[in-house]
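Trainee: kindly return the folded structure for what I paste below:
(chains A, B and C)
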Amino acid sequence: MAENILKIEGLHAGIEGEEILHGLDLSIAAGETHVLMGPNGAGKSTLGNVIMGSPVYNVSAGSVTFDGEDITHDAVDSRAKKGIFLSFQNPLEVPGLSMEAFLRNAIRERTGKPVKVFAFKKKIEETCKLLEMDPSYVDRDLNVGFSGGEKKKAEIFQLLILEPKLAILDETDSGLDVDAVRTVSKGVDIFKQRGGSLLIITHSTRILDALSVDKTHVLVNGRIVKSGDAGLVDEINTDGFAKYIEG
Amino acid sequence: MAEARKDSPIDIAEDRKGELLADVERGLYDFREEENDEDFYKVDEGLTEDIVRRISEEKHDPGWMLDFRLKSLKIYNELKVPDWGPPIDGLDMKHIVTYVKPKTGMKGSWDEVPEDIKNAFEKLGIPQAEREALAGVGAQYDSELVYHNVRKDVEAQGVVYTDMESALTGEYEEMVRSHFMKLVPPTDHKFAALHGAVWSGGSFVYAPPGAKVEIPLQSYFRLNAPGAGQFEHTLIIIDEGADVHFIEGCSAPKYNVANLHAGCVELFVGKNAHLRYSTIENWSKNMYNLNTKRAICEEGGTIEWISGSFGSHVSYLYPTSVLKGDHSHAEFTGVTFAGKGQNLDTGAKMIHLGKNTSSFIDTKSICKSGGISTYRSSVEIRRQAEGSKASINCGSLMLDSVSRSDTVPAMDIRTDKADVGHEAKIGRISDEAVFYMMSRGVSEAEARAMIVSGFANPVSKELPLEYAAEMNNLIKLEMEMG
Amino acid sequence: MSEIRVNPLSVLTWNQLDLNHAKMDVSDGLKAESGIRDNNLPEGVSFKGMLDPGAYEEWLKDNGIEYVKEAVVAGKYPMPDVQAFPTGMGAEVDKLFKDRDVPAVLYEVSRSIERPLRFDYFYSDGDAILENMIVHVRRGCEFTLILNISGESGSGSVGHSLKLLLEEDVKCTIIRLQMLPPGFMYFEDAGARLKDRARLKYISLQLGSLKNYLGACFDQWGCESELWAGLGYIGLKDSFLDYNYVDTFRGKKSVGVMRFNGVLMDNATKVSRETLDFRQYCTGADGDEEEDLLVLGEDAVNKANPMILGEEEDVSGRHAVSVGRLSQDMLFYMQSRGIDEVKAQELMVRSRIMHLASQIPDDELKKAVERYLDRLYCDRENCVAPCC
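Mentor: Numbers count the residues shown, from 1 in each chain, chains lettered A, B, ... in the order given. Next up is the predicted model:
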């Protein structure tokens, strides 16, 4: 069995005195794709944010280990530098800062070295081609005036440029049109083929259709109540979460 | 010369505002002479030491209060009237003594009440007994009864609720002395000094630690006391963890012979205490309402101001919250409706001193039939008030284009560890909304009144039911008046 | 006279807030600069002469708003600063130019100019200079003017006054870029009058100087006139910036947008006054104003007074302020991509300025702004890299 890229043990976390995750365990092996499902309010997005280190949530017990290193108390940017990526449901807008400049800065911060202009340009062009995105995208101000679909596409674009080891995709396919779903699916597929590990947080399953899923977890009331293979996705699509909630 | 257009705003404006020309020019002149106008408004033959001594004597003041009055009088004579805000030229400062003579006023009868106020009473459906009470005759019994009922309930909790005069000479004298005009010192502005010199009447409330008063305390019923009303002083001290709702007694129109009101409200909110102070003010339309209200909050304390301003000719009213203790909180929710002949300058001040303090201002201004409504505020966040938050939200609704609505919010922020948000909007009633409501069978007038009431809803929903109903009636009334 | 009152608040408020006006020191012998730039004027732009103070006053009266009537329309308030041709900095600046005998240079644009006209001003240590300019753009013309103000190290005082008369259907862009060394006092005043359907884009970028006073008054006299005004600034160290922007709506269906994007670092101070003034009969007017201030200095001082004055019912006015540090959400987003807090702040500062700078129709100047920001960050980080 491959090394675990992510290992979460006994994680208790919450927001201002209210615990949301009550002792959660989860391991993802390198190169694996996991799906996290669960009803609204189960703590799915909390988990994604806690792995990334959002200051909104505090961890009261347990640990998060990434690539063999305990990162439970690491700063957000150092987690990113180690190779964690979280897609945002509402990525923030920065007028006056182009996506290209943003990514260039992000890479420079991650590597500590100036970015080679031509290599970077080439990579951007290639990625645009792969995702069938208009190259003018990257010259636009970061997320400013982007439609919902464009924002999601831009996040996937950043994923491919920044090349993390683990991508946490939070509801990335909710509310998307067919075209955007295709771009997102394609980007996720490329990331996977390059050896990236994935944690996909979702309650719909459109982007999963084309993706081979290694494991599925059901999160209810801050705990993983059931783990299984890809078949579990279908089961939940048919039966919903009812039996896990009552149980 | 600027090209003349047939519909030039200026030409038309000149016709309309011809009568304002003189005022404006005088204002302009005053400003230019600012350096020398120290004496311009100085009262030579106004209020004298003699008169102040007489007031003090009749009220059986303790000695320190007489000293306080005389000191205030001196300050009053030194201070200038404000050079900003609505004009108060109509207020005869030279003969201020006529406003403050003891025993002026409350002997008027229903017959002396001006016609518009009488009509207002009719439309409001204020009971006959209450009308008489408000006119200052006869209803003493009713008032006393209700007052005593309230007193019984609060006394059970050790809450003191009495008139200022009794507090001053009774067992709470020391408490009064150590708080009286400490929050609003007479040096604050000219009318605070005036108040300090001639104040009379008002309420005193003390809530001991942990007291929770379920029903609102209402001062309304006691404003008929002789000599009270125009310079009343309200002093409320809420001790640690106590919770009180106080309603200032202007729920119905009041009629005063003299037309100056310079009251003062001082609220001391203790640690983790909570005070809500509500006012629906509907003074008669000849009143100069120059009122000063201020609260100070200790650690974790909360002050909530609910304020509706409908009456008076000119108002200067900006309840101030001093957030002294860490984690203290202030809210101000206000609506101001300026109709014909009214110039209402209202708003709030927030002063953040403690860490992690928060303030929230939400106001609505409405103007109609030539009324002027100005929202004025200041939010100060001092250097040490780290982690503070302030939010200011003000909306203005203009009901015609002969009225005026201004928004003048100032901010002074001295720390980088603060978040401040401000939003202001001005607009009109949308034709679509009126059309929509009319299409469901509502008359246009009613539709507009409903929309205005909706606009003022943030205030009315915070009021006890009977006051909210009365406020909506007031809005309806204002909407009907030409 | 050593101090004058500038940037008067449109409506007075509490004196103790010290917001009603600013005081500007003019004691250091500010005097006129010859100012004429009649070389290389493109065809369609002509130099119409130097107006001495008397002639200048006449011009302002002829082309401005009538004095006495203006005071009446202003309504209930005493008008502290009645000007024939209103500007943001107010009457005492007009008087300063008059007292110092500063002539006004009058340019006229009588034909559309495709390429922007750019005036470069470069100041040296010890300069104390006043510039006064009128630009009259004739009906239907398109015109872009860039005033590029910079200097070598040292200290000095510089004041620029600009009056714009935009006739019907004009499309005009004004860029004022100031990158003076940190020893300078600088002020810029503007008064613009927009006739029917005139469109003005007015961008001011304030990156340098120690003391900075900015005023602009846009008089949207004409029906369906349009204004877009943007001010971007960085306050560093002990710097002081005071501005007064007024958009007066008079014409029907006039539209005005004002955007203020600033950064305060260290113990810089900023005082701002922003007014949307809806005059009677400006039916259908729409004003929108936003201030977005990033505060990154523990000892920074920020004072603001954003006002909406309404005399007309049928208008829509909106004003919004947001002041604070880098928001937690934004910081989290940046950090999640591997950018630390210090770098995130730098990116936010740059983005604010570049957002406006990107609208300068002159690539050389855009690059100059970027270089200025690079240098600024190198200085702050004591960087020794060859980039600076």
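
Trainee: from now on I want contacts and neighbour counts done on CA atoms only, so please keep to that.
Mentor: Noted.

Trainee: quick check: residue A:139 vs residue B:83, distance?
Mentor: 53 Å (C-alpha to C-alpha, to the nearest Å).

Trainee: compare these two (neighbour count), which wins?
Mentor: More neighbours surround residue B:83 than the other of residue A:139 and residue B:83, with 18 against 12 (other C-alpha atoms under 10 Å in any protein chain shown).

Trainee: in which helix or strand would I find the more buried one?
Mentor: For residue B:83, there is no host helix or strand (DSSP states H and E).

Trainee: same deal with residue B:427?
Mentor: Using DSSP H and E, residue B:427 falls in strand B:418-428.

Trainee: residue 166: neighbouring residues, count only.
Mentor: No chain was given, so I picked chain A. 29.

Trainee: sorry, should have said chain B
Mentor: That count, for residue B:166 with other C-alpha under 10 Å as the rule, works out to 14.

Trainee: quick one: secondary structure of the residue in chain A that chain C sits nearest to?
Mentor: Here chain A gets closest to chain C at one residue, residue A:96, 3.6 Å apart by C-alpha to the nearest C-alpha. At residue A:96 the chain is in strand, as set by DSSP: H, G, I helix; E, B strand; the rest coil.

Trainee: and what of residue C:246?
Mentor: Assignment for residue C:246 (three-state DSSP): strand.

Trainee: same check on residue A:113?
Mentor: Looking at residue A:113 with three-state DSSP, the answer is coil.

Trainee: also residue C:11?
Mentor: coil.

Trainee: roughly how far apart are it and residue C:290?
Mentor: 19 Å.

Trainee: any stretches of the chain with poor pLDDT?
Mentor: Using chain A. A:1-2, A:172-175, A:203-207, A:246-247 (pLDDT under 70).

Trainee: actually chain B
Mentor: In chain B, residues with pLDDT under 70: B:1-46, B:93-153, B:219-229, B:249-258, B:466, B:482.

Trainee: show me what contacts the spatially most central residue of it?
Mentor: Centroid-nearest residue in chain B: residue B:317, 4.6 Å away (criterion: C-alpha atoms, centre = their mean). When contacts are counted by C-alpha atoms under 8 Å, 6 or more residues apart in numbering or on different chains, residue B:317 touches B:289, B:290, B:291, B:292, B:293, B:345, B:346, B:347, B:348.

Trainee: the first one: neighbour count?
Mentor: Using other C-alpha under 10 Å, the number of residues around residue B:289 comes to 24.

Trainee: wait, isn't it in contact with residue B:281?
Mentor: No. Counting by C-alpha atoms under 8 Å, residue B:289 does not reach residue B:281; the two are 10.0 Å apart.

Trainee: quick one on the thing from earlier: just give me the closest of the contacts of residue B:317 to chain A.
Mentor: Closest to chain A, out of all of these and judged by C-alpha to the nearest C-alpha, is residue B:348, at 31.1 Å.

Trainee: partners of that closest one in the sheet?
Mentor: residue B:377 (DSSP bridges).

Trainee: got a list of what it touches?
Mentor: So residue B:348 contacts B:317, B:318, B:319, B:320, B:332, B:361, B:376, B:377, B:378 (C-alpha under 8 Å, 6+ apart).

Trainee: could I get those residues as JSON lines with distance to residue B:215?
Mentor: Below are the contacts of residue B:348 laid out as JSON lines (distance: C-alpha to C-alpha, whole Å):
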{"residue": "B:317", "distance to residue B:215": "26"}
{"residue": "B:318", "distance to residue B:215": "26"}
{"residue": "B:319", "distance to residue B:215": "23"}
{"residue": "B:320", "distance to residue B:215": "24"}
{"residue": "B:332", "distance to residue B:215": "21"}
{"residue": "B:361", "distance to residue B:215": "25"}
{"residue": "B:376", "distance to residue B:215": "32"}
{"residue": "B:377", "distance to residue B:215": "31"}
{"residue": "B:378", "distance to residue B:215": "32"}
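
Trainee: the helices in chain A, which residues?
Mentor: Per DSSP state H, chain A carries helices over the ranges A:44-52, A:76-82, A:99-111, A:117-131, A:148-162, A:178-193, A:231-239, A:242-246.

Trainee: residue B:408 is nearest to which of these?
Mentor: helix A:148-162 (37.3 Å; C-alpha to C-alpha).

Trainee: now the closest one against helix A:99-111, angle please.
Mentor: 40 degrees (axes from the mean of the first three to the mean of the last three C-alpha atoms, to 10 degrees).

Trainee: returning to that earlier point: can you tell me how far the residue of chain A closest to chain C is from chain B?
Mentor: For residue A:96, the distance to chain B (C-alpha to the nearest C-alpha, to the nearest Å) stands at 22 Å.

Trainee: excluding its backbone neighbours, what's nearest that residue?
Mentor: residue C:355 (3.6 Å; C-alpha to C-alpha, 6 or more residues apart in numbering or on different chains).

Trainee: in a strand, that neighbour, correct?
Mentor: No. Going by three-state DSSP, the assignment for residue C:355 is helix, not a strand.

Trainee: settle this for me: it is touching residue A:95, isn't it.
Mentor: Yes. Taking contacts as C-alpha under 8 Å, residue C:355 lies within contact range of residue A:95: 5.9 Å.

Trainee: quick check: phi and psi at residue B:180.
Mentor: Dihedral pair for residue B:180: phi -60, psi 120, per degrees, to the nearest 10.

Trainee: how about the contacts made by it?
Mentor: Counting by C-alpha under 8 Å, 6+ apart, residue B:180 has contacts B:235, B:266.

Trainee: could you rerun that using 10 Å?
Mentor: B:65, B:68, B:168, B:174, B:196, B:233, B:234, B:235, B:265, B:266 (C-alpha atoms under 10 Å, 6 or more residues apart in numbering or on different chains).

Trainee: got the phi and psi for residue B:57?
Mentor: According to degrees, to the nearest 10, residue B:57 has phi -70, psi -50.

Trainee: next, count neighbours for residue A:241.
Mentor: Neighbours of residue A:241 using other C-alpha under 10 Å come to 17.

Trainee: got the contact list for it?
Mentor: A:37, A:38, A:39, A:218, A:219, A:220, A:235 are the contacts of residue A:241 under C-alpha under 10 Å, 6+ apart.

Trainee: ok so, going back, close to chain A, is the strand holding residue B:427?
Mentor: No. Strand B:418-428 lies out of reach of chain A by C-alpha under 10 Å from any C-alpha of the partner chain, never closer than 16.5 Å.

Trainee: could you spell out the sheet neighbours of that strand, each with its direction?
Mentor: Strand B:418-428 is paired, per DSSP bridges, with strand B:388-398 (parallel), strand C:315-324 (antiparallel).
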